[in-house]
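Chemist: Have a look; sequence and predicted model below, questions after that.
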Amino acid sequence: MKKTTLLRRLILAPELLVMPGAFDPLSARIIATAGFSAIQCSGFGMSMTRLGLPDYSFMSMSDMLAATRPIVDAVDIPVMADADTGFGNAVNAWYAVRAFEQIGCAGVNIEDQVLPKRCGHLDGKQIVPIEDALAKIRACAEARRDADFVINARTDALAVGGIEEVVRRGNAYLEAGATMLFIDGLTDKNLAREAVERIRGPVAINVVEGGKSPARFTFAEMQAMGIARVSLPGTLLMAAVQGMQGALAAVLANGYPGGPGAELAGFDTLKRLAGFEQVFALEKRYLGGLLEHENA
């Protein structure tokens, strides 16, 4: 089955689709080996790890493509790219969909913030007029060569116009060709329930620990409401930062690496995630005689 078709089916299935956020090939492989069915690329995480800069439109379309391609290549499960605002107007969004589809993504996020955009869990967001947003959605829908390629229309309207504007835009985006409506910066469980009831298509949300997300919003609650998909854009990045800080603090405290307080993955785990087993198998197949000679 094509990855685009699989992702669309996962979105439309009765079960909630949980998509952790990846920011590089290693985080993508960790998600896949943990048993998740699909991956959401985190623009926040990519900007932080590749540029050391915040999620503020510092990454161009070329930057995002370069960051996304190795993620897609590293796993066998569907990957949804982050196309931000489409990197310009509707024409730019058209080319963005073509480009992300070409590198093997199963779908893209496309949002209605003004450029430069900012993380959906920050204050001060602004959104473009609905006519401009609809032009981008139509362009994205028409640009895809594969009809199953997922157009995940993100709206940041909740912070600007409230739930009424979310519903108005959400239904319009779906009618314009979006596969799913993604409500970013959701602050209340009751608003999530109302959105699902009033929006005529699949609804997605995200959860950012320490952001605007409701506390202890469980997957069981989301599924009972009828939410189609939840992304976890910051979970792995936050875990990685915490782990690295703890490991370095332990090095300073203990005077040597790997002592008390350092929670480290084993070297065997790193080798497995890196794919050394395949490299060794290829060495044996193609270089076996040479390696035996060198080791004699």
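Modeler: Perfect, thanks for sending it.

Chemist: Hmm, Val167 is touching Leu191, no?
Modeler: No: under the criterion of C-beta atoms under 8 Å, Val167 lies out of contact with Leu191, with a separation of 10.4 Å. (Glycine included, C-beta is placed from N, CA and C.)

Chemist: Check the gap between Ala34 and Gly107 for me.
Modeler: 21 Å (C-beta to C-beta, to the nearest Å).

Chemist: And these two? Which one has more around it.
Modeler: Gly107 (30 against 9; other C-beta atoms under 10 Å).

Chemist: what pLDDT does the closest residue to that one other than its chain neighbours get?
Modeler: In space, and not counting its chain neighbours, Gly107 is closest to Val150: 2.8 Å by C-beta to C-beta, 6 or more residues apart in numbering. Per-residue confidence (pLDDT) for Val150: 98.

Chemist: So Val150 versus Met225, what's the distance?
Modeler: From Val150 to Met225 the distance is 21 Å (C-beta to C-beta).

Chemist: ok, the two, which is more surrounded?
Modeler: Val150 (27 against 19).

Chemist: List the contacts of that one.
Modeler: Contacts of Val150 were listed using C-beta atoms under 8 Å, 6 or more residues apart in numbering, and they are Thr4, Leu7, Arg8, Ile11, Met80, Ala106, Gly107, Val108, Thr179, Met180.

Chemist: Quick check: the gap between the fifth one and Val203.
Modeler: Note on Met80: its distance to Val203, by C-beta to C-beta, is 15 Å.

Chemist: All the helices of the protein, in order from the start?
Modeler: 3-12, 25-33, 43-46, 61-74, 90-102, 130-143, 158-175, 189-198, 219-225, 235-254, 267-274, 276-295 (DSSP state H).

Chemist: State the pLDDT value of the closest residue to Val196 other than its chain neighbours.
Modeler: Nearest residue to Val196, sequence neighbours excluded (C-beta to C-beta, 6+ apart): Gly226, at 4.5 Å. Looking at Gly226, its pLDDT is 98.

Chemist: what about stretch 48-65, average pLDDT?
Modeler: pLDDT averaged over stretch 48-65 gives 97.

Chemist: and that stretch, how far apart are its ends?
Modeler: 16 Å (C-alpha to C-alpha, to the nearest Å).

Chemist: ok, residues contacting it?
Modeler: For stretch 48-65, using C-beta under 8 Å, 6+ apart, the contacting residues are 23-24, 43-44, 46-47, 67, 81-85, 87, 92, 95-96, 99-100, 103, 115-119, 237.

Chemist: Of those residues, select the buried ones using a ChimeraX command.
Modeler: To isolate the buried subset of these in ChimeraX, counting by 16 or more other C-beta atoms under 10 Å, use the following:
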select :23,24,43,44,46,47,67,81,82,83,84,85,87,92,96,99,100,103,117,118,119,237
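
Chemist: Report how many residues lie close to the residue lying closest to Gln113 once chain neighbours are set aside.
Modeler: Using C-beta to C-beta, 6+ apart and skipping the chain neighbours, the partner closest in space to Gln113 is Asp156 (5.2 Å). Asp156: 27 surrounding residues under other C-beta under 10 Å.

Chemist: Could you pull up the residues touching Asp156?
Modeler: Asp156 sits in contact with Glu111, Asp112, Gln113, Gly120, Lys125, Ile127, Asp184, Gly185, where contact means C-beta under 8 Å, 6+ apart.

Chemist: Same check on Lys136?
Modeler: Thr85, Gly86, Asn89, Ala90, Ala93, Ile110, Asp112.

Chemist: Show me which of those are buried.
Modeler: Thr85, Gly86, Ala90, Ala93, Ile110, Asp112.

Chemist: Ile127: how many residues sit nearby?
Modeler: Using other C-beta under 10 Å: Ile127 sits among 22 other residues.

Chemist: my read: it touches Leu115, true?
Modeler: No: counting by C-beta under 8 Å, Ile127 stays clear of Leu115, with 11.3 Å between them.

Chemist: Between those two, which contacts overlap?
Modeler: Counting by C-beta under 8 Å, 6+ apart, nothing touches both Ile127 and Leu115.

Chemist: Below-threshold pLDDT in the stretch 151-296 of the chain: ranges please.
Modeler: 289-296 (pLDDT under 70).

Chemist: One more pass at 90, please.
Modeler: Applying pLDDT under 90 to the stretch 151-296 of the chain flags residues 288-296.
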